[in-house]
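# Dropping a prediction and its sequence here:
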Amino acid sequence: MPLNVPNLLTWARILMIPLFVGVFYSPWHWLTPSEQNTWATAIFIGAAVTDAFDGWLARKLRQTSAFGAFLDPVADKLMVAAALVILVQLGRVDAIVAFIIIGREIAISALREWMAKIGAARSIAVSFIGKLKTSAQMVSIPMLLFHAKLGGIDFHRIGTWLIYVAAVLTLWSMIYYLRKAWPEISARVR
């Protein structure tokens, strides 16, 4: 495992997950619910920023690696899954939405791994719809974590609409990737 700045940022993102979850499990007298929401939002946004930054930095410093390419999406999926589970527990996201998003991530990750094993990974490279799905998730989740109005803007309401958009984009992207992989799947199922 190459130890470089981009990979250290990715590891930092993974280490933020217990801190993120711990915010909601801290003793009630340590943080008010509003403070929990604010801290969790800040940690999630910090993780999202490091996600964007570590990829850019890896390319700029020419420190890309197979391990980094593997670990980066794992860190993203773990943080999103942790946030969705917390949001379901808090009653801010429907369980079906969380299931769609987390289930898709598991299914497409498995599909990508299988496609890589058979030498067809390029046929399901990240697409525009996948990036759009990720963007919708990364904007909606902090809004749902914040769960308040600020300057007259109801972040919870906007976040709720966006998480449903993210769920639709999630299904759409899953169908897209499955269609791209279908020739390989059907050729090996016979």
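That came in fine, so what should we check first?
# So, low pLDDT: which residues of this protein?
For the chain, the stretches with pLDDT under 70 are 1-2, 123, 190.
# how about V126, secondary structure?
Three-state call for V126 (DSSP: H, G, I helix; E, B strand; the rest coil): coil.
# which residues sit in contact with it?
By C-beta atoms under 8 Å, 6 or more residues apart in numbering, the contact set of V126 is empty. For the C-beta atoms, the positions are set from N, CA and C on the backbone; glycine is no exception.
# Figure out how far the longest helix seen in the chain is from the centre of its chain.
If you go by DSSP state H, the chain has its longest helix at helix 155-189. Offset of helix 155-189 from its chain centre (C-alpha atoms, centre = their mean, to the nearest Å): 13 Å.
# All the strands of this structure, residue numbers only.
149-150, 153-154 (DSSP state E).
# Give me whichever of those is most buried.
With neighbours taken as mean count of other C-beta atoms under 10 Å, the strands of the chain reach their highest mean count in strand 153-154, at a mean of 12.
# Now do it: everything it contacts.
Residues from elsewhere that reach strand 153-154 (C-beta under 8 Å, 6+ apart): none.
# burial measure for I100, as a count.
Using other C-beta atoms under 10 Å, I100 is surrounded by 19 other residues.
# Thought L169 was touching it, still the case?
No. Counting by C-beta atoms under 8 Å, I100 stays clear of L169, with 10.2 Å between them.
# Please give me every residue in contact with the nearest residue to D72 once chain neighbours are set aside.
Excluding the flanking residues, the one nearest D72 by C-beta to C-beta, 6 or more residues apart in numbering is T10, at 5.3 Å. By C-beta under 8 Å, 6+ apart, the contact set of T10 is 50, 54, 68, 71-72, 75.
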